[in-house]
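Novice: With the sequence up front, the predicted model follows.
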2 protein chains.
Amino acid sequence: MIHSSGQAESISFLNEIADKFRSAISFAAGAPTTRFLGRLNAAALLSASSSFPSLQYGRTAGVINESVARQLRTDEGVAANPDQLLITSGCQEAIMLCMAALCPDPSDVMLVCNPTYPGAIGAAQSSRVAVVPIGHPSRRLAEAIEETTAELRKQSRTVRGIYLIPTFDNPTGATLNKDDRCDILAVCTRHRIVVLEDNAYGMFRYEGEEVPPMAALDSTGCVIYLSSYSKTVAPGLRIGAATLPETLFGDRSLSRSLFQELQQRKSFVTLNTSQINQAILQQFLLTQDFTLRSWIEPARRLYLENRNAIVEHLEATVRPISPKISWKNPEGGFFLSLCLPFRFDAASVNECASEFGVIVTPMSFFALDESQNCVVRLAFSSLDPQTVGLGVAALTRYVNWRLERSKEE
Amino acid sequence: MIHSSGQAESISFLNEIADKFRSAISFAAGAPTTRFLGRLNAAALLSASSSFPSLQYGRTAGVINESVARQLRTDEGVAANPDQLLITSGCQEAIMLCMAALCPDPSDVMLVCNPTYPGAIGAAQSSRVAVVPIGHPSRRLAEAIEETTAELRKQSRTVRGIYLIPTFDNPTGATLNKDDRCDILAVCTRHRIVVLEDNAYGMFRYEGEEVPPMAALDSTGCVIYLSSYSKTVAPGLRIGAATLPETLFGDRSLSRSLFQELQQRKSFVTLNTSQINQAILQQFLLTQDFTLRSWIEPARRLYLENRNAIVEHLEATVRPISPKISWKNPEGGFFLSLCLPFRFDAASVNECASEFGVIVTPMSFFALDESQNCVVRLAFSSLDPQTVGLGVAALTRYVNWRLERSKEE
């Protein structure tokens, strides 16, 4: 078995809970809403597409690189060069390939936030890449990177990369401000650490000022930009991309050879990304004039309503329970992180689902230490505002019951 | 870079040659013919499919497992249990996941034939799994496995698996007879070596008696059956499958836990196989009543004609050149292996393509030692009989020219 596979077990545990208590309201699923998926007529798009033979094998690096680069430039402000862009079988494959390529040596290390997306830990572990967690979301990341890198160097270990979701993080919902991003870029440039910037949620902002992706702020060539069409178009497409900078730490040939290596590694994992799915996506991007802004608007508005509903109900019913309860309003994305005045673990999930009809995810499922034991992640993307209200009401009853019980003990 | 990435470089070299000499006849491409691909109306199939939501995320193990298992039982005689069958993003992913899962320890070893499919070597190397070649196709494999396993044990290394294409091998075209298969199963059972049986070409038999897949002969639970829809339906689907035996070496829970681990590893590589592609394939299998026999018949007949043409022309023009020239008629599949009386390397490919207008693959591109330096692989699947004839004629001129030149030297 993969070592420390706790996260994967946790996810299958959550699936089991959801299966067992089907009537429970679930804040666990981080999938996009299905409400608007039906608008995508994949069959019609496939039928209309004629730019390349969709049923044969295809180029390892992909065939719709121009179209994807164009959409990234338009929507995300990332100066994507199609020749340095690898189309992957979902963003997950991009994470895995990049980590494996950046860390060939057993002494190489990938840094990750703590908590972080479990798929990133899993991708590293399944590729036998060591991950080291840096400080908690409350700490300034640039400092944490600096310190951890120095400590690891004393152990003859080399930090090669850091996996980050700087905008509307999964699982915390937090967003790094521009200063933090620039500081991280400076530290990473100094230590030649590649930033794997996962921007799966960046287009779903509900309020506040846009912060450019780190790839758009990167002037030294240290960011690989990981993008996904799962949240904006459809998870069923299984299309993501890794976009490399023009130069890697100022070296053009280094970036080129990393790209070649990613391509080679991809050929050994999935050969190439399905031409059928690439045909559907390209045809779709064409109909949207290479911007997804207006397409995602109905979903963005639903998520915004859900976020407003969750925050409103938390304020009204959960906040008054205890001053120890806290959260931060996410400015976008799918997740809100809620600190509770007690430990919330797998047994709590079961209790909360079976007795109170609501499923939330312990933040410890995303963590590499004990720091997140009293935190839960509320995912609000696959619900509607009314259900969110009922869910928070159920959670309120559970929190009250837990606090009553602890008084009795 | 991945170490010993010679094979991958060789393949990109071949692509470059094909790009450079576009009018050359290519015996290099091992892709299925495009002639009949158009019969598959993927858009209509997708449109007709309604059994599951094709645009969302899906089960890691797949959603069309019942349908695939049924087709495998019908067409290949493999007693596939849908609960022990993992749908993968192409067979390549299945190879990679199995090798990584079977060999977690640095002292673990995967055996491979020499020569073998380069994607298998690449899958191992990109997962940091050690591969050790066993004897050449001429040797009895069961003995070679026994000897190599014993030698490795002396070095404290443990053989965990062997990758095999027993039927119409890529690259050699060779097929193991039933006795050989049974002997290999006996040795592998004795040493608890898992056979990864890749049967991508098995349905394309042109003559001779059917030999059951090793998975169908396996009574002890040591074969993982790897299947692909790239040759039978369409490479663009990117769908393969790994089917585990009911018990692994007699142990039901061991097979179950290996399946769980493969599922977990898959979730870290590609999350799940595209539901869109699974919907297309399932709908297609339904229209074919879960057997591909009649669907592949036009392609099988074309390949048979191509094989007949290649053999006929080799007999007529190449055989008379030298008694040192030899080949074995493949009873099926896409490949013929031709021994030449001189070394055929990358420079020869270039020479042969530029001056004689024909591209063949040096067998050394598939080999882990020097044993294949005078052998070439002729892939005849993507041509037609007339072109095959012209190609062999061109190759004849090249062989004559090479022998003339060597006399002059």
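Specialist: Yep, it's here. Numbering: from 1, shown residues only, chains lettered A, B, ... in the order given.
Novice: mean confidence score for the top helix by length along chain A?
Specialist: Using DSSP state H to define each element, chain A has its longest helix at helix A:385-408. Per-residue pLDDT values across helix A:385-408 average out to 95.
Novice: Centre-most residue in chain A?
Specialist: The centroid of chain A falls nearest to A:Asn170 when counting by CA atoms, centre = their mean (4.9 Å).
Novice: shouldn't that one be in contact with A:Ala31?
Specialist: No - using CB atoms under 8 Å, A:Asn170 and A:Ala31 do not qualify as a contacting pair, with a distance of 11.7 Å. Every residue, glycine included, has its C-beta placed from N, CA and C.
Novice: what about the strands in the stretch 201-350 of chain A?
Specialist: A:223-228, A:240-243, A:326-327, A:335-339 (DSSP state E, counting those that start in this stretch).
Novice: what's the closest of these to A:Pro320?
Specialist: A:Pro320 lies closest to strand A:326-327 among the strands of the stretch 201-350 of chain A, at 12.9 Å (CB to CB).
Novice: For A:Ile17, give me the pLDDT.
Specialist: Note for A:Ile17: predicted pLDDT of 85.
Novice: right, and the helix or strand after the host helix or strand of it?
Specialist: Using DSSP states H and E, A:Ile17 falls within helix A:6-20. Using DSSP H and E, the helix or strand that directly follows helix A:6-20 along the chain is strand A:25-26.
Novice: Show me which residues of whatever helix or strand comes next after that next one are buried.
Specialist: The helix or strand immediately downstream of strand A:25-26 is helix A:42-48, counting by DSSP H and E. Going by neighbour count (16 or more other CB atoms under 10 Å in any protein chain shown), the buried part of helix A:42-48 is A:Ala42, A:Ala43, A:Ala44, A:Leu45, A:Leu46, A:Ser47.
Novice: So for helix A:42-48, mean pLDDT?
Specialist: For helix A:42-48, the per-residue pLDDT averages 96.
Novice: likewise stretch A:241-251?
Specialist: Regarding stretch A:241-251, the rounded mean pLDDT is 98.
Novice: again, but for stretch A:179-187
Specialist: What stretch A:179-187 shows for mean pLDDT is 97.
Novice: who in the stretch 1-150 of chain A is up against chain B?
Specialist: The interface of the stretch 1-150 of chain A toward chain B, taken as CB under 8 Å from any CB of the partner chain, is made up of A:1-2, A:5, A:8, A:11, A:31, A:34, A:37-38, A:40, A:42-44, A:46-47, A:53-58, A:89-90, A:92-93, A:96, A:100, A:104, A:119, A:122-123, A:125-128.
Novice: before we move on, what about the stretch 201-350 of chain A?
Specialist: A:230, A:234-238, A:257, A:261, A:264-265, A:267-277, A:280.
Novice: residues contacting the residue of the stretch 301-409 of chain A found nearest chain B?
Specialist: Residue of the stretch 301-409 of chain A nearest chain B, by CB to the nearest CB: A:Ser382 (9.6 Å). The contact partners of A:Ser382, taken as CB atoms under 8 Å, 6 or more residues apart in numbering or on different chains, are A:Ser26, A:Ala29, A:Gly30, A:Ala31, A:Pro32, A:Thr33, A:Thr34.
Novice: Can you list phi and psi of the second one for me?
Specialist: Main-chain torsions, A:Ala29, degrees, to the nearest 10: phi -70, psi 120.
Novice: just checking, it touches A:Ala379?
Specialist: Yes - here A:Ala29 lies in contact with A:Ala379, judged by CB under 8 Å, at a distance of 6.0 Å.
Novice: Neighbour count: those two, which is higher?
Specialist: A:Ala379 (24 against 18; other CB atoms under 10 Å in any protein chain shown).
Novice: Could you list every helix and strand in contact with the helix or strand containing A:Val68?
Specialist: Counting by DSSP H and E, the element that carries A:Val68 is helix A:65-76. Packing partners of helix A:65-76 (3 or more CB pairs under 8 Å, 6 or more residues apart in numbering or on different chains; DSSP states H and E): strand A:85-88, strand A:223-228, strand A:240-243, helix A:275-287.
Novice: Pipe these into a markdown table and attach distance to A:Phe249 per row.
Specialist: As requested, these are exported to a markdown table (distance: least, CB to CB, whole Å):
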| stretch | distance to A:Phe249 |
| --- | --- |
| strand A:85-88 | 19 |
| strand A:223-228 | 11 |
| strand A:240-243 | 16 |
| helix A:275-287 | 31 |
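Novice: JSON lines for those, including mean neighbour count?
Specialist: Shown next, in JSON lines, are these (neighbours: other CB atoms under 10 Å in any protein chain shown):
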{"stretch": "strand A:85-88", "mean neighbour count": "27"}
{"stretch": "strand A:223-228", "mean neighbour count": "27"}
{"stretch": "strand A:240-243", "mean neighbour count": "26"}
{"stretch": "helix A:275-287", "mean neighbour count": "24"}
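Novice: Weed out the non-buried ones from the residues of the stretch 1-150 of chain A next to chain B.
Specialist: Among those, those classed as buried by neighbour count (16+ other CB under 10 Å) are A:2, A:5, A:8, A:11, A:31, A:37, A:40, A:42-44, A:46-47, A:53-58, A:89-90, A:92-93, A:96, A:100, A:119, A:122-123, A:125-128.
Novice: Closest to A:Val195 out of the contacts of A:Ser382?
Specialist: Once CB to CB is applied, the member of the contacts of A:Ser382 that ends up nearest A:Val195 is A:Gly30, at 22.4 Å.
Novice: if we can go back for a sec, what does the helix holding A:Val68 rub up against?
Specialist: Counting by CB under 8 Å, 6+ apart, A:62, A:78-83, A:85, A:87, A:199, A:202-203, A:213, A:215-216, A:225, A:227, A:241, A:243, A:281-282, A:285-286, A:290-293 sit against helix A:65-76.
Novice: for stretch A:23-38, same thing?
Specialist: If you take CB under 8 Å, 6+ apart as the criterion, stretch A:23-38 is touched by A:14, A:17-18, A:170, A:230-231, A:234-235, A:298-299, A:302-303, A:334-335, A:353, A:357-361, A:377-384, A:387, A:390-391, A:394-395, B:53, B:55-57.
Novice: How much space separates A:Leu338 from A:Pro298?
Specialist: Distance, A:Leu338 to A:Pro298, using CB to CB, to the nearest Å: 27 Å.
Novice: more crowded one of those two?
Specialist: Legend: neighbour count by other CB under 10 Å for A:Leu338 and A:Pro298, higher for A:Leu338 (24 against 13).
Novice: show me what contacts the more buried one?
Specialist: By CB under 8 Å, 6+ apart, A:Leu338 lies in contact with A:Leu314, A:Val318, A:Ile325, A:Ser326, A:Trp327, A:Val360, A:Val375, A:Val376, A:Arg377, A:Leu378.
Novice: Quickly list what the closest residue to the fourth one other than its chain neighbours is bridged to.
Specialist: Sequence neighbours aside, A:Cys339 is the residue nearest to A:Ser326 in space, at 4.8 Å (criterion: CB to CB, 6 or more residues apart in numbering or on different chains). A:Cys339 has the following beta-bridge partners by DSSP bridges: A:Ser326, A:Val375.
Novice: my guess is A:Cys339 meets A:Cys374, correct?
Specialist: Yes - the pair A:Cys339 / A:Cys374 is scored as a contact, 6.0 Å apart, by CB under 8 Å.
Novice: Wasn't A:Arg377 part of a strand?
Specialist: Yes - counting by DSSP: H, G, I helix; E, B strand; the rest coil, A:Arg377 is located in a strand.
Novice: roughly how far apart are it and A:Ala394?
Specialist: On the measure of CB to CB, A:Arg377 and A:Ala394 end up 16 Å apart.
Novice: between those two, who's got more neighbours?
Specialist: Counted by other CB under 10 Å, A:Arg377 and A:Ala394 do not tie: A:Arg377 has more neighbours, with 24 against 21.
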